[in-house]
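J.: Here is my input, please return the structure:
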Amino acid sequence: MTSGSHPEESARPARPDELPILVDLATAAIAEKREQKGGVLWARRERRPDPLEASLAAAIAADDQQVLVGLLDDTIIGFGAAHTEVLADGGRLGVVDEAYVDPGARALGVGEVVMNELVSWCRDQGCFGVDSLALPGDRATKNFFESFGLVARAIVVHRPLT
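T.: I've put the predicted structure just below:
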């Protein structure tokens, strides 16, 4: 970067040699989300399964999944992942499973670039729409998704029995 220039935000498909960085980012994302309301059950039910390296490697290799790295200049500071689902009526739905940027690098535009690329990938896969998940009270995530046109379509309720 030359003096006075601005850092460049970008996203591209993740490579297998980047798995250690992806595991670190996914671990941080899980830890952050686990602390939120509903996060403990989310971590048990919805998060990427362990071992993270194996599940990320499988996602990188899969045709029906996309894993991206988000970069600021040439430094990976975030990642995103999506998959497609074929629904009961045969329609294809895109699902953004993860969208995470290191907290020290948020508000620089990398998350937006990653999300735009994931939405484009879903469109290219023939999806009629895109879903994702925001935990209750996580206004930053909710606002982020709303900026891409995602709005609440269901409310999941839960009662612990222990």
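J.: And the average pLDDT for stretch 137-146 is what?
T.: Average pLDDT, stretch 137-146: 95.
J.: So what's the residue count around Val130?
T.: Val130 is flanked by 20 other residues according to other Cβ atoms under 10 Å. C-beta: built from backbone N, CA, C; applies to glycine.
J.: would you list every one of the strands in the chain?
T.: Here the chain has its strands, by DSSP state E, at 9-13, 65-72, 75-86, 92-101, 129-131.
J.: Using PDB, write down the CA coordinates of the fourth one.
T.: Looking back up the chat, that one is strand 92-101. Below are the C-alpha coordinates for strand 92-101, written out as PDB (Å, rounded to 0.1, in the frame of the first residue of the first chain):
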ATOM      1  CA  ARG A  92     -33.000 -24.100  -4.000                       C
ATOM      2  CA  LEU A  93     -32.400 -22.000  -0.900                       C
ATOM      3  CA  GLY A  94     -29.000 -20.400  -0.100                       C
ATOM      4  CA  VAL A  95     -28.000 -20.400   3.500                       C
ATOM      5  CA  VAL A  96     -25.200 -18.200   4.900                       C
ATOM      6  CA  ASP A  97     -23.800 -20.300   7.700                       C
ATOM      7  CA  GLU A  98     -21.000 -18.000   8.700                       C
ATOM      8  CA  ALA A  99     -20.000 -14.400   8.200                       C
ATOM      9  CA  TYR A 100     -17.200 -13.200  10.500                       C
ATOM     10  CA  VAL A 101     -14.600 -10.500  10.600                       C
END
